[in-house]
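Student: just to be clear, the model below is a prediction. Sequence and coordinates:
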Amino acid sequence: MATPDQKSPNVLLQNLCCRILGKSEADAAQQFQYAVRVIGSNFAPTVERDEFLVAEKIKKELVRQRREADAALFSELYRKLSSQGILKNKWSILYLLLSLSEDPRKQSNKVSSYATLFAQALPRDAHSTPYYYARPQSLPLNYQDRSAQSAQSSGSMGSSGISSISLYALNGPTPTPQSLLPGQSYQAPGVGDCLRQQLGSRLAWTLTASQPSLQSTTSKGFSNAVSRGVPRSRREGDTSGSVEITEANLVRDVLYVFQGIDGKNIKMCNSENCYKVEGKVSLSKSLRDTTSRLAELGWLHNKIRKYTDQRSLDRAFGLVGQSFCAALHQELKEYYRLLSVLHSQLQLEDDQGVNLGLESSLTLRRLLVWTYDPKIRLKTLAALVDHCQGRKGGELASAVHAYTKTGDPYMRSLVQHILGLVSHPVLNFLYRWIYDGELEDTYHEFFVASDPTVKTDRLWHDKYTLRKSMIPSFITMEQSKKVLLIGKSINFLHQVCHDQTPSTKMITVAKSAESSKDAGDLFTDLENAFQEKIDAAYFETSKYLLDVLNKKYNLLEHMQAMRRYLLLGQGDFIRHLMDLLKPELARPATTLYQHNLTGILETAVRATNAQFDNPEILKRLDVRLLEVSPGDTGWDVFSLDYHVDGPIATVFTRECMSHYLRVFNFLWRAKRMEYILTDIWKGHMCNAKLLKSIPELSGVLHQCHVLASEMVHFIHQMQYYITFEVLECSWDELWNKVQQAQDLDHIIAAHEVFLDTIIARCLLDSDSRVLLNQLRAVFDQIIELQNAQDTMYRAALEELQLRLQFEERKKQRELEGKWGVTASEDEEESRRMKEFQDSIPKMCSQLRILTHFYQGIVQQFLVLLTTSSDESLRFLSFRLDFNEHYKAREPRLRVSLGTRGRRSSHM
């Protein structure tokens, strides 16, 4: 039974080399070392992985060798192999067989078939980065000294294959190292137990042979070989002790620098943050400049690699950041493909002995040409890395997108490819949100944020918000708001409306980002494809939500109920309710009981057209008593209330209901003033004839009637303004907006504008506090007039009653044949009448004082109206002073209406 060591890949690889070459372990050490180097490298073939093509090549080769029977047998065996699923990598097996079948003794390009399997560029679908950075910088780089190689011509040359290098890969065969050809013994000294301990390591390819291989060259290339391979002598008089190196060694150093690894003579200068040729090395200015230009690739590589290494391990960097790192890794892999081919070419020249003087050999100038495009790519990536420092999520995507706005099509295509990878997680977040309402944003990368502490009743307003910093620049603010609304609507339906309808029924089209290519294609057509998807999901989700609110929860009916009851739109109900409540509300506020008032409210509902409303609405209508202050009556604390809950509470929030309460109290007080003035007018009409018998009261009654008429005119104009110019106009605008609303936010915004408008134009906002105080003072004067008139009428009616009784007794006695009155009674009656007549001037003075205060308050109110910024209030002042009575008394009111508006605009 085999031990575990015998089954290890290292031992199996050594046994394979010994089996193929037919040699002992010591004799096959050099070939085994090369095999370890190949396996430990990141090289891979760039030939097309076409299994059928390889099989056809094998059959053609057999036919060319006149082995038609073998070709037919191969076709049958290949057909059976294809029908079975035993082998997964059939292409690799067939390619290996084709390579092994070639004659290794030929010096043509086919000699390189062994190496083409390994010594080419990386595959494009690789997902891991080569571990070049794992190599310790302190390892000795034992370059083969090409100057010590033989320059004798053997009459044959191996093809380097470097002439077929393209942007990232060299698609062409490369010669097989002579050390791998059978029949040649090439043993490296020092290979023993120490070498076995390093088998399978990725660092094994750094081991180089200590014996130089023979190279052949033509006489044409001999001079070039001498110029590149032989060190130049020091100039005369140079005693600095500088060391001259060949261009070949510089090429090898540069290839290491490309990977961020210090070479023998080119090392990283930390103080200057760049790669520099050591000062003791003697180089011409042209070679030094060329080397510096090439070494810039190593600096760029290190910059990008440092960023990816740091961020790849940072989980808080998020999915977008990891996608960015993956895109950088992918670009670095493309860079490594070129390096692998260049390393393969350099190794091939060493192992095959290709003369460096050939036109196809590696030189610094050729490296400049072949690395021109990769250098542009690395510069772009390094600039992206700098620009993306400290960014994550949508902000990172915006930073990448900023680099697509360039006129260089090459750079733009590169950045767009990276943007497609980076935006893929964002697109996944977005589609999960707009189609399922799910927000799985662990690292806070998406531009929609969720607050888990918010309760359900505030879900629409506070739970979901926009992170403006995370909105990608390729998504407009309007689109991001629609995205927020779509997912918010889905969650609102599920959690608040308890509607579990699948989102597939709300939205007919649903698609997720299946690949980064889809994401890239979608974001390059933002105005069409992406906009159409967002719009479709937005319109269908919002329409479904509004249908649920209107049909299942009667949103519009509740809105109309607010207008009828809290804004006093149901006139018959309000008037009857005021008649029923008058006895109760005239009492002190501390003696009121809510259940009594609730009973009166239900009576008013049953006696008016309000009884035909939806029972669901009437059930929510209730009475509310405000906080009682000392001296308050029932009129001061009474208010109607409307209970809201569930989804409709999203529109009628607590703030909105408090606004409704303030407006109701204002309208209720204004309606009460109208009610009081109506009672005053009724008193005038009813008592006018009765009090004709008291002529001394005519002046007082006239004065009272004039003041009451002024108040009636004032209140009627205010009621007209409030009812028609404020409530009706604002309600009409609200209703039109609600009918045209496309989403719930439009309804909420229109409703808030409606409330803000009536709050401002009813003088309830902070800017109109002075106006409101003046108006309340007017209301207080109306109540004072009612009290004064009631006192006067009580005294007058009592006097009238006494006079009538006196005359009645007088007539009764005359009928009885007696004296109508005695002297004492006549004297008593005269004294009483004189007391009453003496009280009339007091009544007149009281009314004059009341009139003076009232007119002074109204005059100040008109002055404030003329300086208001609201045009409707300035016109109200014109209607209140229609006969210019106050204008004649107050110079400030004599300015024209247009001038008032201009003056107010400058204040």
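Tutor: Perfect, I can see it now. Numbers count the residues shown, from 1 in each chain.

Student: so F474 belongs to a strand, correct?
Tutor: No: counting by DSSP: H, G, I helix; E, B strand; the rest coil, F474 is located in no strand; its state is coil.

Student: how much space between it and K405?
Tutor: 11 Å (CB to CB, to the nearest Å). The C-beta positions use only the backbone N, C-alpha and C, and glycine is treated the same way.

Student: the more surrounded of these two?
Tutor: The residue with more neighbours, out of F474 and K405, is F474; 21 against 9, by other CB atoms under 10 Å.

Student: go ahead and confirm the more buried one touches A402.
Tutor: No: between F474 and A402 there is no contact, the gap being 9.8 Å when judged by CB atoms under 8 Å.

Student: host element of L581?
Tutor: Element membership of L581, judged by DSSP states H and E, is helix 571-585.

Student: and the angle for whichever helix or strand comes after that helix with helix 571-585?
Tutor: Using DSSP H and E, the helix or strand that follows helix 571-585 in sequence is helix 594-607. With axes from the mean of the first three to the mean of the last three CA atoms, to 10 degrees defining the directions, helix 594-607 sits at 150 degrees from helix 571-585.

Student: name the residues that touch helix 594-607?
Tutor: 573, 576-577, 580-581, 584, 610-611, 618, 621-623, 625, 638, 640 (CB atoms under 8 Å, 6 or more residues apart in numbering).

Student: what's the helix or strand hosting V712 packed up against?
Tutor: Take DSSP H and E as the rule and V712 turns out to sit in helix 698-720. Judged by 3 or more CB pairs under 8 Å, 6 or more residues apart in numbering; DSSP states H and E, the packing partners of helix 698-720 are helix 654-687, helix 769-815, helix 823-866, helix 871-880.

Student: who's in contact with it?
Tutor: 670, 673-674, 677, 680-681, 684, 688, 691, 775, 778, 781-782, 785, 788-789, 792, 840, 843-844, 847-848, 850-851, 854-855, 858, 876, 879-880.

Student: now do the phi/psi pair for the residue located most distally from the centre of the chain.
Tutor: The C-alpha centroid of the chain is most remote from G817, which lies 106.9 Å away (CA atoms, centre = their mean). With angles defined as degrees, to the nearest 10, G817 sits at phi 80, psi 20.

Student: roughly how far apart are it and E807?
Tutor: Going from G817 to E807 by CB to CB gives 18 Å.

Student: that older thread, K488 is nearest to which of the helices and strands packed on helix 698-720?
Tutor: Taking CB to CB, helix 654-687 is the member of those nearest to K488, at 19.0 Å.

Student: and the angle from that closest one to helix 698-720?
Tutor: 150 degrees.

Student: what's the average pLDDT for helix 654-687?
Tutor: Here helix 654-687 scores 93 as its mean pLDDT.

Student: ok, stretch 851-866 next?
Tutor: For stretch 851-866, the per-residue pLDDT values average out at 92.

Student: in it, what counts as buried?
Tutor: For stretch 851-866, a neighbour-count test (16 or more other CB atoms under 10 Å) marks 851, 854-855, 857-862, 864-866 as buried.

Student: of those, closest to S82?
Tutor: Nearest to S82, judged by CB to CB, of the buried residues of stretch 851-866 is L865 at 96.3 Å.

Student: and that closest one, how close does it get to T851?
Tutor: Separation of L865 from T851 (CB to CB) stands at 21 Å.

Student: ok, and the closest non-adjacent residue to N614?
Tutor: Leaving out its chain neighbours, the residue that sits closest to N614 by CB to CB, 6 or more residues apart in numbering is E557, at 5.9 Å.

Student: which ones are touching that neighbour?
Tutor: 614, 616-617.

Student: looking at neighbours, which among those residues is most surrounded?
Tutor: Using other CB under 10 Å as the neighbour test, the contacts of E557 are led by I617, with 18 neighbours.

Student: please save the CA atoms from the helix or strand hosting that one in CSV.
Tutor: Using DSSP H and E, I617 falls within helix 615-620. The C-alpha trace of helix 615-620 is given here as CSV (Å, rounded to 0.1, in the frame of the first residue of the first chain):
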residue,chain,number,x,y,z
PRO,A,615,-71.4,54.7,8.9
GLU,A,616,-67.6,54.1,8.9
ILE,A,617,-67.2,57.9,8.7
LEU,A,618,-69.8,58.8,11.3
LYS,A,619,-68.3,56.3,13.7
ARG,A,620,-65.0,58.2,13.6
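
Student: what packs against it?
Tutor: helix 555-561.

Student: ranges for the strands of this protein?
Tutor: Assigned strands in the chain, in chain order: 243-244, 266-269, 274-277, 281-282, 448-450, 464-466, 621-625, 638-642 (criterion: DSSP state E).

Student: Throw those strands into TSV and include mean pLDDT, thanks.
Tutor: TSV is the format used below for these (pLDDT from 0 to 100):
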stretch	mean pLDDT
strand 243-244	66
strand 266-269	86
strand 274-277	85
strand 281-282	79
strand 448-450	94
strand 464-466	94
strand 621-625	94
strand 638-642	95
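
Student: tabulate those strands (JSON lines), appending mean neighbour count and distance to D350.
Tutor: Formatted as JSON lines, the strands of the chain follow (neighbours: other CB atoms under 10 Å; distance: least, CB to CB, whole Å):
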{"stretch": "strand 243-244", "mean neighbour count": "13", "distance to D350": "21"}
{"stretch": "strand 266-269", "mean neighbour count": "18", "distance to D350": "19"}
{"stretch": "strand 274-277", "mean neighbour count": "19", "distance to D350": "22"}
{"stretch": "strand 281-282", "mean neighbour count": "20", "distance to D350": "22"}
{"stretch": "strand 448-450", "mean neighbour count": "18", "distance to D350": "59"}
{"stretch": "strand 464-466", "mean neighbour count": "17", "distance to D350": "61"}
{"stretch": "strand 621-625", "mean neighbour count": "17", "distance to D350": "97"}
{"stretch": "strand 638-642", "mean neighbour count": "19", "distance to D350": "92"}
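
Student: looking at those, spot the one closest to L73.
Tutor: strand 266-269 (56.2 Å).

Student: so what's the gap between the closest one and the chain middle?
Tutor: 45 Å (CA atoms, centre = their mean, to the nearest Å).

Student: ok, stretch 487-501 next?
Tutor: So, by CA atoms, centre = their mean, the centroid of stretch 487-501 is 21 Å from its chain's centroid.

Student: kindly reformat the helices and strands packed on helix 698-720 as TSV containing distance to W370.
Tutor: Below are the helices and strands packed on helix 698-720 laid out as TSV (distance: least, CB to CB, whole Å):
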stretch	distance to W370
helix 654-687	69
helix 769-815	80
helix 823-866	85
helix 871-880	77
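
Student: what residues of stretch 557-576 count as buried?
Tutor: When burial is assessed from 16+ other CB under 10 Å, stretch 557-576 yields the following buried residues: 558-570, 573-576.
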